[in-house]
Structures are given as C-alpha cells and as structure tokens.
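Trainee: when you get a sec, could you give me coordinates for this:
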Amino acid sequence: MPRSEIDQARLANILDMAVGFTAMLRVFRPGSDGTIRTMVRRFLRDLADVRSREQFAPAHHAFCARFKQRIRRARDGRRASYGHAAKILNVSLKVCVHWCGLPAPSVAARVRPFLQVGVDTPILHYLKKHHALPIRATTIAGIGRKEYRLLQQAARAEADARLGPGALLIELDDVLWRELNR
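Mentor: Sure thing, here's the model as predicted:
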C-alpha cells in the first residue's frame, strides 16, 4: 500500500476520533457527521497557511458561521449554535493538532498557541461562576459569538492564574476537562 494511502487512512481515523470525542454528533440531524468531518478536515488542511493569531481568529469565526448555516439540530431542526460549532472545532483541533501533531508537526507547533478552550457545559458553568460572567446560557446551545468571546477571555485569565502567564489555552483545556468531566 502506498504511503499516501496509509497517511490518508490515519488522518481519516484521527478525524473520526476527534469529531466523535466531542460527543456532539447525537445533537445534530442524522447524516451531519460527514459534513462536519469534511469541514474540520478543510480547516485542518488550511492551518498550513496560518501564521498568526490574527489569521487564526477570523478563520475560526468563519468555520463557526458556516457550521451554523449548514448544520441543524436533531431535536427541533433549528440551526446549530455558535457554541456547538466552536466546541466541535476546538475539541477536534485539540485531538488533531495538540495531541496528534497534525497536519504536520511544524504546523502543529506553530498554531498550538492559537488553539482555544473547547467549552462544554461543565466548563461553561465553571467559567461563569469563577469569573462572574454575564452569560445567561446554561448549555452550549445558548452560546453566541459574544458569549464565546467572553468565555475565551475568562479562560485566558484562568490559564494565567492557574498555569502561569503565557500558558496555552489548550493546556487549560486539558486541565479543566480532566478536572470537571471525570
């Protein structure tokens, strides 16, 4: 088997695990999983061109906006929220980039500092409580772009306080997820 086929199979397996690790697929209409995997794969591919936080942030937002337009919830058929989209992307990037060094080790090392906290419901409650955030949402379904930004700002303050100035948000993600989801 050619090396390229092996690499493609590895990438497909990692993406399946990454998207599945979010535990979100059940929230969306059946058949959405292929669309979501394709969207994450494209984002991952395009990371090779990202050189700064100023390039990463609009790409992240564009992903979330596209996700909201394309993905519908299973329960009521309404559009996915910004919180849903961000969690899918951030958790997938944690697995692919932070843990697996994709799309290439040099790219992963360069973009790792730009990765954000994958806010789930326990992390949402933790950050709201410990940082007195004016967010009414009680689940990620209620998180819009404005709330998402407040949560990431609180995560930055939490990372600096708990892990030291300049700690990566993805490192805080590892710590909070382990602490709050076990």
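
Trainee: so where's the protein shaky on pLDDT?
Mentor: 1-3, 20-22 (pLDDT under 70).

Trainee: residues in contact with the residue nearest the centre of it?
Mentor: Nearest to the mean C-alpha position of the chain, by Cα atoms, centre = their mean, lies N90 at 1.0 Å. By Cβ atoms under 8 Å, 6 or more residues apart in numbering, N90 lies in contact with L115, Q116, V117, G118, V119, D173. (Each C-beta comes from the backbone N, C-alpha and C, glycine too.)

Trainee: mind checking which of the residues you listed are in strands?
Mentor: Applying DSSP state E to the contacts of N90, no entry is found in strands.

Trainee: in helices, which of those fall?
Mentor: Residues of the contacts of N90 located in helices (DSSP state H): D173.

Trainee: can you list contacts of stretch 139-156?
Mentor: So stretch 139-156 is contacted by 61, 64, 73, 81-84, 86-87, 116-117, 119-121, 123-124, 127, 130-131, 133-137, 169, 172-173 (Cβ under 8 Å, 6+ apart).

Trainee: and if you look at stretch 63-75?
Mentor: Contacts of stretch 63-75 (Cβ under 8 Å, 6+ apart): 26-30, 32, 35-36, 39, 43, 78-82, 84-86, 88-89, 141, 145, 148.

Trainee: could you check how many residues crowd around V95?
Mentor: Neighbour count for V95, taken as other Cβ atoms under 10 Å: 20.

Trainee: for L89, see how far away it is.
Mentor: Taking Cβ to Cβ, to the nearest Å as the measure, V95 falls 11 Å from L89.

Trainee: what do these two both touch?
Mentor: By Cβ under 8 Å, 6+ apart, no residue touches both V95 and L89.

Trainee: show me what counts as buried in the helix or strand harbouring S106.
Mentor: Element membership for S106, per DSSP states H and E: helix 105-111. Of all the residues in helix 105-111, those buried under the rule 16 or more other Cβ atoms under 10 Å are V107, A108, R110, V111.

Trainee: and what of stretch 166-175?
Mentor: Neighbour-count burial for stretch 166-175 [16+ other Cβ under 10 Å]: A167, L168, L169, I170, E171, L172, D173.

Trainee: what's the most distant pair in these?
Mentor: Spanning the widest gap among the buried residues of stretch 166-175 are A167 and D173, at 10.8 Å by Cβ to Cβ.

Trainee: before we move on, the earlier item: what about the buried residues of stretch 166-175, which are in strands?
Mentor: Using DSSP E, none of the buried residues of stretch 166-175 sit in strands.

Trainee: among those, which lie within helices?
Mentor: Among these, DSSP H puts L169, I170, E171, L172, D173 in helices.

Trainee: and which of the residues you listed is nearest I6?
Mentor: I170 (27.3 Å).
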